[in-house]
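Engineer: Have a look; sequence and predicted model below, questions after that.
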Amino acid sequence: MNKERLMKVLLGGVVSEKSANVAESNQVIFRVASDATKPEIRRAVELMFDVDVESVHVLNVKGKSKRFGQMQGKRSDWRKAYVRLKEGQDIDLMPGA
């Protein structure tokens, strides 16, 4: 895996009430590329944040169906990863908050 690919794997952090709850158990949630694999996600997090990753769990999120007046639409499907960090490691997705 080259560095260019690893830099494109993580699309952003997920900031929600659930992500705040899992942060207490040393986990961080990321939005990742739809074709990303667990080893790629592990290496990307270790490269970008200089932390040790214990495990990675990945799931596909289906896009919601939406209506715009009479037009029926659908949001894009996306993929998210729950990354468990080793004890003593930390990633701050909201600096200054």
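Structural biologist: Ah, there it is.
Engineer: Count residues in the vicinity of residue 10, would you?
Structural biologist: If you count neighbours by other C-beta atoms under 10 Å, residue 10 ends up with 21. C-beta here means a position set from N, CA and C on the backbone, and glycine is covered the same way.
Engineer: Tell me if I'm right that it and residue 29 touch.
Structural biologist: No. Taking contacts as C-beta atoms under 8 Å, residue 10 lies outside contact range of residue 29: 11.1 Å.
Engineer: secondary structure class for residue 41?
Structural biologist: helix (DSSP: H, G, I helix; E, B strand; the rest coil).
Engineer: ok, it - contacts?
Structural biologist: Residues in contact with residue 41 (C-beta atoms under 8 Å, 6 or more residues apart in numbering) are 9, 10, 30, 32, 56, 58, 81, 83.
Engineer: Only the buried subset of those residues, as a PyMOL command please.
Structural biologist: If you want just the buried ones from those in PyMOL, going by 16 or more other C-beta atoms under 10 Å, the selection is:
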select buried, resi 9+10+30+32+56+81+83
